[in-house]
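In: got a structure for you, letters missing:
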């Protein structure tokens with residue numbers, strides 16, 4: 001995969017900004033690179049309070065849905081939540097279940113089975129609700145694309161409230177004019193509706209459910225402040241569903257992290273402990289890469305009901321057993337993912353799939369729940385849009401896609417809509433099902449429609465600040481914490497230094513997968529450094545740019561003339577109560 005490094009050089013009076021806000025000029029430069037300008041916006045970015053969140057009443061149909069739900073609660077009608085089996089859907093289900101019970105509702109949750117039901121509400125689930133005497137269905141993290149199913153529910157006499165955040169389905173005429181298809185529910189809460197006045201459309205499903213509960217609390221004369229008992233779950237879902245950490249989302253995650261540092265929720269505590277973490281040190285990274293995959297693992301390999309049971313657990317004893325099971329499931333999921341990824345890589349090379357603009361990889365034996373993870377890994381390797389398809393138990397082919405910034409996956413899929421039995425998603429990720437005989441035509445049409453160029457396939461590494469090693473200090477690293485939480489849309493700052501000279505190096509780690517170096521930058525700075533990437537590729541790079549003899553000298557601490565440039569993260573390494581500043585090498589050239 002090719003890379004291009006760019007220095008982001010946006011202009012501002014960084015010295016003046018630093019003086020006004022009591023921050024280093026480097027921090028001021030990073031904030032400007034995030035398009036945060038003006039004193040009010042900078043102050044808001046650096047601070048965090050519930051007052052910065054938007055009014056939930058601005059969501060279209062929020063008041064209408066709350067009035068319907070309140071009436072059903074007062075009448076003692078049976079309400080059923082239909083959620084989703086991923087981290088967003090599970091947390092959204094927990095939020096609705098908890099909030100509705102606090103309001104006194106007779107409510108139960110149903111999470112579709114990934115294999116037997118597929119995504120979202122379906123006619124079987126509606127028929128089961130009727131059989132169980134349910135009066136009202138409330139969806140979360142699904143429903144916006146279920147026009148036919150919701151029409152069936154309405155014809156059957158059910159009341160339906162949709163809370164969702166996915167793209168609203170549409171068809172486009174020859175001129176590109178879009179016609180949107182809103183399902184015929186009694187109320188539809190989704191900030192992506194064209195006529196919704198809500199100022200931030202990028203919420204996850206759990207955040208939309210939480211906003212609905214806030215309006216319901218007001219309707220039921222329950223203090224809205226009580227809803228903040230669930231904000232850690234909003235943050236968990238926002239990061240886990242890879243939403244943009246900009247604007248309100250960033251505030252929600254910041255507030256949610258503050259809440260999880262003090263949480264007494266047995267399920268969250270047990271999951272944190274089972275992963276050998278401390279609640280006070282949880283960051284957004286742990287949501288996305290440690291805790292989140294455990295929640296997702298149950299929906300992938302077992303049933304997502306287990307994850308919902310964990311979040312709803314009343315005691316640490318119950319929660320600990322469930323958390324242990326989820327961690328074990330996630331370990332199994334990791335092994336299956338590695339096996340599927342290896343098979344995919346072999347297929348891509350053998351069939352030269354890598355030549356396509358949009359890669360479609362058919363792995364018939366792969367567990368369908370792993371398709372999205374494998375697609376994401378392949379996307380990272382080739383920097384191209386990827387769909388991974390696999391055989392499903394219902395005789396169809398199912399799959400997941402992961403995209404790059406230049407390719408709006410959901411919009412491009414609409415051009416191939418007749419080939420699929422079902423599809424939905426976002427610009428960056430999507431899911432689908434189709435008849436097996438359509439897979440090759442699907443690949444062909446996607447590539448015929450794709451307007452991607454070779455430039456789109458080059459990964460862009462945007463450097464925030466070229467910063468010499470001598471400028472790094474512990475106080476500055478701690479100041480960067482004010483810019484958190486980091487994630488999509490608010491990426492961790494990228495620093496770079498040119499022509500570093502490694503004085504010595506060694507390889508460590510149980511699997512020999514860590515390189516430790518001492519670097520000198522030619523500007524008077526030297527620093528310990530560590531690299532966790534592909535060791536064989538890094539060693540081959542060093543030998544190619546110098547020689548095998550020079551590399552041997554490096555590992556023996558003997559003078560040599562190796563030089564290379566790096567992007568890096570500055571960090572504080574804590575060991576036995578002692579702190580040491582170091583850099584973590586991310587890229588090299």
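Out: Arrived safely, thanks for sending. In this text, all values refer to a predicted model and were calculated from it rather than measured experimentally.
In: so what's residue 467 up against?
Out: 26, 495, 496, 497 (CB atoms under 8 Å, 6 or more residues apart in numbering). Bear in mind the C-beta positions are built from the backbone N, C-alpha and C, glycine included.
In: pretty sure the first one sits against residue 465.
Out: Okay, so that is residue 26. Yes: contact criterion CB atoms under 8 Å: residue 26 and residue 465 qualify, at 5.4 Å.
In: compare neighbour counts for the two and give me the winner.
Out: residue 26 (20 against 17; other CB atoms under 10 Å).
In: average pLDDT across the helix or strand encompassing that one?
Out: Using DSSP states H and E, residue 26 falls within helix 25-33. For helix 25-33, mean pLDDT is 97.
In: what helices or strands is that helix leaning on?
Out: helix 14-21, helix 39-46, strand 465-466, helix 474-480 (3 or more CB pairs under 8 Å, 6 or more residues apart in numbering; DSSP states H and E).
In: as TSV, these with mean pLDDT and distance to residue 219 would be great.
Out: Shown next, in TSV, are these (pLDDT from 0 to 100; distance: least, CB to CB, whole Å):
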stretch	mean pLDDT	distance to residue 219
helix 14-21	96	40
helix 39-46	94	29
strand 465-466	96	49
helix 474-480	96	42
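In: with distance to residue 53 added, can I get these in JSON lines?
Out: Below are the helices and strands packed on helix 25-33 laid out as JSON lines (distance: least, CB to CB, whole Å):
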{"stretch": "helix 14-21", "distance to residue 53": "22"}
{"stretch": "helix 39-46", "distance to residue 53": "11"}
{"stretch": "strand 465-466", "distance to residue 53": "31"}
{"stretch": "helix 474-480", "distance to residue 53": "24"}
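In: now the helices for the stretch 51-200 of the chain?
Out: 62-74, 87-102, 123-131, 147-155 (DSSP state H, counting those that start in this stretch).
In: what packs against the longest one?
Out: For helix 87-102, the packing partners by 3+ CB pairs under 8 Å, 6+ apart come out as strand 78-82, strand 106-110, strand 136-140, helix 205-219, helix 231-240, helix 292-301, helix 305-312.
In: any idea which of those scores lowest on pLDDT?
Out: Among the helices and strands packed on helix 87-102, helix 292-301 carries the lowest mean pLDDT (a mean of 86).
In: tell me the angle that helix makes with helix 231-240.
Out: When axes from the mean of the first three to the mean of the last three CA atoms, to 10 degrees is applied, the directions of helix 292-301 and helix 231-240 differ by 70 degrees.
In: so what touches helix 292-301?
Out: In contact with helix 292-301 (CB under 8 Å, 6+ apart) are residues 85-87, 89-91, 111, 114, 236, 239-240, 271, 274-275, 304-307, 310, 323, 325-327, 329-330, 332-333, 336, 367, 369-370.
In: then stretch 437-457?
Out: 2, 356-358, 360, 362, 382-385, 387, 389, 397, 404, 406-407, 412-413, 415-416, 419-420, 434.
In: now, the residues you listed that are in strands?
Out: Assignment to strands by DSSP state E places the following of the contacts of stretch 437-457 there: 360, 362, 387, 389, 397, 420, 434.
In: so who does the fourth one touch?
Out: Read that as residue 389. 360, 361, 362, 363, 371, 397, 398, 399, 439 are the contacts of residue 389 under CB under 8 Å, 6+ apart.
In: relative to residue 353, how far out is the fourth one?
Out: In this structure, residue 363 lies at 12 Å from residue 353, with CB to CB, to the nearest Å as the measure.
In: swap in the second one?
Out: Relative to residue 353, residue 361 is positioned 6 Å away (criterion: CB to CB).
In: between these two, who's got more neighbours?
Out: residue 361 (25 against 20).
In: mind listing what that one touches?
Out: 344, 347, 348, 353, 374, 375, 378, 386, 387, 388, 389.
In: which ChimeraX command selects the buried ones in these?
Out: The ChimeraX selection below is limited to those of the contacts of residue 361 classed as buried (16 or more other CB atoms under 10 Å):
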select :344,348,353,374,375,378,386,387,388,389
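In: hmm, back to that, so which of the contacts of residue 467 is the closest to residue 172?
Out: residue 496 (42.5 Å; CB to CB).
In: what's across from the closest one in the sheet?
Out: Beta-bridge partners for residue 496, by DSSP bridges, are residue 466, residue 567.
In: tally of neighbours for residue 148?
Out: Residue 148: 12 neighbours (other CB under 10 Å).
In: got a list of what it touches?
Out: Residue 148 neighbours (CB under 8 Å, 6+ apart): none.
In: do residue 183 as well
Out: 143, 144, 145, 146, 147, 150, 151, 160, 162.
In: which SS class is the spatially most central residue of the chain?
Out: In the chain, the centroid-proximal residue (CA atoms, centre = their mean) is residue 242; its distance is 1.8 Å. Here residue 242 is coil, with the state taken from DSSP: H, G, I helix; E, B strand; the rest coil.
In: that one and residue 428 touch, don't they?
Out: Yes: assessed by CB under 8 Å, residue 242 is found in contact with residue 428 at 7.3 Å.
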